[in-house]
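Q: The following comprises the amino acid sequence and a computationally predicted model.
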There are 2 protein chains.
Amino acid sequence: MAKRALTERQRRMLDYIQDFTVKNGYPPSIRQIGKAVDISSTSVVNYNLNRLVEEGYLDRDQNVSRGIRLTEKLMKATETLGDVVRIPLVGRIFASEPVPLPGTDSPIYGADEAIEITRDLVTSGEDLFALEVKGDSMVDAMVSEGDIVVMKREPNWSNGDMVAVWLKDREETTLKYIYHEGNQVRLQPANPNMEAIMIENPEIIEVQGKVMLVLRQLA
Amino acid sequence: MAKRALTERQRRMLDYIQDFTVKNGYPPSIRQIGKAVDISSTSVVNYNLNRLVEEGYLDRDQNVSRGIRLTEKLMKATETLGDVVRIPLVGRIFASEPVPLPGTDSPIYGADEAIEITRDLVTSGEDLFALEVKGDSMVDAMVSEGDIVVMKREPNWSNGDMVAVWLKDREETTLKYIYHEGNQVRLQPANPNMEAIMIENPEIIEVQGKVMLVLRQLA
DNA sequence: CTTGACATAGAACGTATGTTCCGATAGAAT
DNA sequence: ATTCTATCGGAACATACGTTCTATGTCAAG
């Protein structure tokens, strides 16, 4: 609720609580926190714990030893390693239609279909969505029917990115590596046996997302 | 260490401890356990807790309230849903050599390299290993350089499986869909534009694993 | 039957732990 | 300067909690 910044002490307390909890399987006591953060008085620890509760970082159970639990808010902020990301599966992608982008109106938990992957497979966890590939039209991108592509909504692309592009003139969606080539744009298939497409007028293409991951489940 | 079976009470205690811990973020007290499992005496709870420690299901810290922690042994036994699987990355795969199968001697935590994926991406978590694809020789399988294939060591294959086969006569490894075709075997590339290979003498092929998942990370 | 290992109850005990109260200090606002 | 608020320190307090001890019951081995 409140927006006050956390003091250095409070930050260290949160760090210690989390560290202690994962290491020991149970939360630290007030006195342990005090010792770790160099606070001599239990009342001060107690005081700051309550502040952290007000800020929404902790939950406490009264009169319960070690009755502290990190809030999801905090968990998410600190989940930097080896965790799981839910990515909404927003639709299917095929050659004859533009990529069905997820509406910004879509609530976070709106998509009932989603895939879960470990975070280390994708660099950034934000703005990701997944599409299932229909049809064999993307073979030149080395993507088969049934594959799942995880894309990032990203207006800016850079050389060498694999992107989903909508070719306005052909009315076709393809997955290609994209490169600036002078004033032109080169769309390079992943399959080394296929020829690149040169786009002279960049107006006719629309980059709809950057491919972050391709996933193919067999059997 | 000991192999004695757990009593009904002890089983319920473990269940309760785990349930309570995930729900509250900290372990239950002895008296809470007693109430939940219908044990009036704290000493009896204490007694059974120590038994569980002996059996290797729990760790306890003396003189620490709620100083209980579930052992990894127990954690693993109960991780049935939506969890993460570590798959050892045992090597690289390329056309000119057989698949480097992981030795059975390889210790569980031997491979320092591994990938983590969510369990729902692979049906069975056993006997899986991962290989990184080198070279462009697998394009007809719609697999690019750098892709990671998760395979299962599986001597028996059935129609339609994608398998890694070692072609003895060509001295070549490929990834193909495999089918029985009378007395022959048909190896079908994933790329619909490519032609199948008919193997008249099944002796010359060696199925080295079943492809369970293909993973391609971009950017 | 006796013995001993095992499991259970209940009570008493010591202390680890959360809570509360009072006072001190520092800084900002008036 | 005065007041108010936020933060901190120390001590006393109440109790939640782990530990320990004694007693009881069960059951298989001797």
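A: In hand now; what should we look at?
Q: Report the buried residues of stretch A:185-195.
A: By 16 or more other C-beta atoms under 10 Å in any protein chain shown, the buried positions in stretch A:185-195 come out as A:185-191. C-beta coordinates here come from the backbone N, C-alpha and C atoms, glycine included.
Q: pLDDT wise, what is residue A:134 at?
A: On pLDDT, residue A:134 comes in at 76.
Q: same thing with residue A:163?
A: Looking at residue A:163, its pLDDT reads 88.
Q: same deal with residue A:66?
A: So, for residue A:66, pLDDT stands at 91.
Q: quick check, the longest strand along chain A touching chain B?
A: The longest strand of chain A (DSSP state E) is strand A:205-217. Yes - Strand A:205-217 reaches chain B (C-beta under 8 Å from any C-beta of the partner chain) through A:210-217.
Q: buried stuff in that strand?
A: Those buried within strand A:205-217 under the rule 16+ other C-beta under 10 Å are A:205, A:207-217.
Q: which helices and strands sit right next to it?
A: Contacts defined by 3 or more C-beta pairs under 8 Å, 6 or more residues apart in numbering or on different chains; DSSP states H and E place strand A:205-217 against strand A:114-118, strand A:148-152, strand A:162-167, strand A:172-181, strand B:205-217.
Q: For DNA strand C, which of these is the nearest?
A: Closest approach to DNA strand C among these is made by strand A:114-118 (33.6 Å; C-beta to the nearest atom of the strand).
Q: what about chain A, any weak spots by pLDDT?
A: Along chain A, segments meeting pLDDT under 70 span A:1-6, A:72-86, A:88, A:90-91, A:94-116, A:118-126, A:137, A:155, A:219.
Q: which bits of it sit near DNA strand D?
A: A:4, A:7, A:9, A:39-44, A:47-48, A:51, A:63-65 (C-beta under 7 Å from any atom of the strand).
Q: Just the buried ones out of those, please.
A: Neighbour counting by 16+ other C-beta under 10 Å classes A:39, A:48, A:51, A:65 among the residues of chain A next to DNA strand D as buried.
Q: Filter the residues you listed down to the ones in helices?
A: Among those, the members found in helices (DSSP state H) are A:48, A:51.
Q: Just the buried residues of the lengthiest helix in chain A, please?
A: Assignment by DSSP H gives helix A:8-24 as the longest helix of chain A. Within helix A:8-24, the residues scored as buried using 16+ other C-beta under 10 Å are A:10, A:12-14, A:16-17, A:20-21, A:24.
Q: hang on, the earlier thing: just put the residues of strand A:205-217 next to chain B in CSV and tack on distance to residue A:136.
A: Shown next, in CSV, are these (distance: C-beta to C-beta, whole Å):
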residue, distance to residue A:136
A:210, 23
A:211, 18
A:212, 22
A:213, 20
A:214, 15
A:215, 17
A:216, 14
A:217, 17
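Q: and which of those residues is nearest to DNA strand D?
A: For the residues of strand A:205-217 next to chain B, the minimum distance to DNA strand D (C-beta to the nearest atom of the strand) is 41.4 Å, reached by residue A:212.
Q: Isn't that closest one up against residue B:218?
A: Yes - look at residue A:212 against residue B:218 with C-beta atoms under 8 Å: they come within range, at 5.7 Å.
Q: before we move on, the earlier item: kindly point out the strands partnered with the longest strand of chain A and how each is oriented relative to it.
A: Using DSSP bridges, the strands paired with strand A:205-217 are strand A:148-152 (antiparallel), strand A:162-167 (antiparallel), strand B:205-217 (antiparallel).
Q: can these go into JSON lines with extra columns for distance to DNA strand C?
A: Below are the strands paired with strand A:205-217 laid out as JSON lines (distance: least, C-beta to the nearest atom of the strand, whole Å):
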{"stretch": "strand A:148-152", "distance to DNA strand C": "43"}
{"stretch": "strand A:162-167", "distance to DNA strand C": "51"}
{"stretch": "strand B:205-217", "distance to DNA strand C": "44"}
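Q: Quick one: closest of those to residue B:35.
A: In terms of C-beta to C-beta, the element of the strands paired with strand A:205-217 nearest to residue B:35 is strand B:205-217, at 45.9 Å.
Q: that older thread, taking the buried ones among the residues of chain A next to DNA strand D together, which two end up most distant?
A: Going by C-beta to C-beta, the pair spanning those furthest: A:51 and A:65, at 20.2 Å.
Q: rewinding a little: hey, what's the angle from the longest strand of chain A to strand A:172-181? Just curious.
A: Computed by axes from the mean of the first three to the mean of the last three C-alpha atoms, to 10 degrees, the angle separating strand A:205-217 from strand A:172-181 equals 110 degrees.
Q: Any residues of chain A in contact with DNA strand C? List them.
A: Counting by C-beta under 7 Å from any atom of the strand, the residues of chain A that sit close to DNA strand C are A:29-32, A:42-43, A:46, A:60, A:62-67.
Q: what about 10 Å?
A: A:26-35, A:41-47, A:49-50, A:60-68 (C-beta under 10 Å from any atom of the strand).
Q: In helices, which of those residues appear?
A: Per DSSP H, the residues of chain A next to DNA strand C map to helices at A:30-35, A:42-47, A:49-50.
Q: In TSV, list the residues you listed along with distance to chain B.
A: TSV is the format used below for those (distance: C-beta to the nearest C-beta, whole Å):
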residue	distance to chain B
A:30	12
A:31	12
A:32	9
A:33	14
A:34	16
A:35	14
A:42	15
A:43	19
A:44	21
A:45	16
A:46	16
A:47	21
A:49	14
A:50	17
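Q: Narrow those to those that are buried.
A: Burial by neighbour count, judged by 16+ other C-beta under 10 Å, picks out A:30, A:32-34, A:45, A:49 from those.
Q: now for those residues, which pair is the farthest apart?
A: By the measure C-beta to C-beta, A:32 and A:49 form the most distant pair in those, at 12.2 Å.
Q: neighbours of the nearest residue to residue A:213 once chain neighbours are set aside, just the number please.
A: Spatial nearest neighbour of residue A:213, excluding adjacent residues (C-beta to C-beta, 6 or more residues apart in numbering or on different chains): residue A:150 at 3.9 Å. Neighbours of residue A:150 under the rule other C-beta atoms under 10 Å in any protein chain shown: 25.
Q: mind checking how far residue A:150 is from residue A:172?
A: 21 Å (C-beta to C-beta, to the nearest Å).
Q: residues in contact with stretch A:9-27?
A: Here stretch A:9-27 makes contact (C-beta atoms under 8 Å, 6 or more residues apart in numbering or on different chains) with A:6, A:28, A:32-33, A:36-37, A:39, A:45, A:48-49, A:51-52, A:55, A:57-58, A:66-70, A:74, A:78, B:21, B:25-27, B:59, B:61, B:64, B:66-70.
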